[in-house]
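Asker: Quick one, what's the 3D model for this:
(one chain, ligands or ions: 2)
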Amino acid sequence: MTTLFIADLHLSDNEPAITAGFLAFLQREAVHADALYILGDLFEFWIGDDDPNELHDIVAQALAELHDKGVPCYFIHGNRDFLIGKDFAKRSKMVLLPEECVIDVYGQKVLILHGDTLCIDDPGYLRFRRYIRNPIIQRIFLSMPLFLRQKIAGKLRRQSKRSNRTKSSLMMDVNPLAVIKALKDHQVIHMIHGHTHRPAIHDMTIGGRLSQRAVLGAWHENGSVLRVNPDDQIELASFPL
Ligand code: LP5
Ligand code: MN
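Answerer: Residues are numbered from 1 along each chain as shown. Ligands and ions are numbered 1, 2, ... in the order given. Down below sits the predicted model:
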């Protein structure tokens, strides 16, 4: 019995090895799990469920097959694929979860989230986030022709890469006070997130209580998965794609 957590695969046509590795991971490992949680940035970017990209069909079909074999898959939006909507969720049979969610994992309450909202030392990103998460802005964007949406997404990705080169490593990590606040707000001592691409399991003491934050790794040459089992064993593993 194992529950699996992954994030930051950034699937795209340009990285066929990651897609192949993900499909193999679903068939080899996820199929034996109790559940699979994808904590955002499954795709490099998402410009609407109506994008006729074949990769999206392949991924939707593989996730739907996983569901049909009895493994539920849950998804939290990332900062790249926050526009994944009900249509893709239906095709892939994934359950879309809210951006912060407390789940029960073998009797333990765990807060799961993508992780970008914990990076509060990056005001530029938070401003940008408020703008693009505005439902009116999203409706306008989604009503644009696909070629224009592609163009804007490409521009935003280039802009993001450029601005990330100028940001300090500290600025792009989570803020410890934001972590404590999120744990306190949800009254939990366990948290799992991705986004920072700094896989680790951090043990902390908050208000005299032992607490744990697991950070999922991004998929590049290797895949990354957090395995949790009922004996409270948690393992952050990296595997070749
Ligand atoms: O993802 P990562 O790790 O590279 O960087 C993130 C932050 N960047 C982003 C931007 C995404 O990469 C691009 C998302 C494309 C989505 C496609 C759909 C678009 C729909 C839009 C309308 C509804 O999230 C980055 C963080 C980093 O994480 C670490 O936390 O620092 O933040 C930024 O790069 C934001 C910049 O600081 C500010 C950006 C200003 C953008 C100006 C827009 C100019 C172009 C306008 C085009 C019309
Ligand atoms: Mn991210």
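Asker: number of nearby residues for residue 219?
Answerer: 28 (other CB atoms under 10 Å). Every C-beta, even on glycine, is put in place using the N, C-alpha and C of the backbone.
Asker: same thing with residue 46?
Answerer: Residue 46: 22 neighbours (other CB under 10 Å).
Asker: which ones are touching it?
Answerer: Neighbouring residues of residue 46 by CB atoms under 8 Å, 6 or more residues apart in numbering: 80-84.
Asker: just for the chain, where's the confidence low?
Answerer: Within the chain, no stretch has pLDDT under 70.
Asker: most distant residue from the middle of it?
Answerer: Centroid-distance maximum for the chain: residue 208 at 30.0 Å, with CA atoms, centre = their mean.
Asker: Tell me the backbone dihedrals of that one, please.
Answerer: For residue 208, the backbone dihedrals (degrees, to the nearest 10) come out as phi 80, psi 0.
Asker: Distance of it relative to residue 176?
Answerer: 17 Å (CB to CB, to the nearest Å).
Asker: among the contacts of residue 46, which are in reach of ligand 1?
Answerer: 80, 83 (CB under 6 Å from any ligand atom).
Asker: and of the contacts of residue 46, the nearest to residue 138?
Answerer: Nearest to residue 138 among the contacts of residue 46 is residue 83, at 6.7 Å by CB to CB.
Asker: In a strand, the closest one, correct?
Answerer: No - under DSSP: H, G, I helix; E, B strand; the rest coil, residue 83 sits outside any strand and is assigned coil.
Asker: Name the nearest residue to it, sequence neighbours excluded.
Answerer: In this structure, residue 83 finds its nearest non-sequential neighbour in residue 46, 4.8 Å apart by CB to CB, 6 or more residues apart in numbering.
Asker: Relative to ligand 2, how far out is the one you found?
Answerer: Using CB to the ion, to the nearest Å, one gets 12 Å for the distance from residue 46 to ligand 2.
Asker: returning to that earlier point: adding neighbour count, write the contacts of residue 46 out as TSV.
Answerer: Formatted as TSV, the contacts of residue 46 follow (neighbours: other CB atoms under 10 Å):
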residue	neighbour count
80	24
81	22
82	20
83	20
84	22
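Asker: Would you format the contacts of residue 46 as TSV with distance to ligand 2 included?
Answerer: TSV is the format used below for those (distance: CB to the ion, whole Å):
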residue	distance to ligand 2
80	6
81	9
82	10
83	14
84	13
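Asker: Quick one: the contacts of residue 46 as TSV, columns for distance to residue 226 too.
Answerer: TSV is the format used below for the contacts of residue 46 (distance: CB to CB, whole Å):
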residue	distance to residue 226
80	20
81	19
82	22
83	25
84	21
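Asker: Which member of the contacts of residue 46 is positioned nearest residue 70?
Answerer: Looking across those and measuring by CB to CB, the closest to residue 70 is residue 84, at 23.1 Å.
Asker: Excluding sequence neighbours, find me the nearest residue to residue 84.
Answerer: Of all residues not flanking residue 84 in the chain, residue 46 sits nearest, at 5.3 Å (CB to CB, 6+ apart).
Asker: Number of residues surrounding residue 39?
Answerer: Using other CB under 10 Å as the criterion, residue 39 is surrounded by 26 other residues.
Asker: I'd like to know how far the closest residue to it other than its chain neighbours sits from ligand 1.
Answerer: Nearest-residue entry for residue 39: residue 7, 3.9 Å, with adjacent residues in sequence omitted and distances by CB to CB, 6+ apart. Taking CB to the nearest ligand atom, to the nearest Å as the criterion, residue 7 is separated from ligand 1 by 12 Å.
Asker: correct me, but residue 7 touches residue 43?
Answerer: No - the pair residue 7 / residue 43 is not scored as a contact, 11.7 Å apart, by CB atoms under 8 Å.
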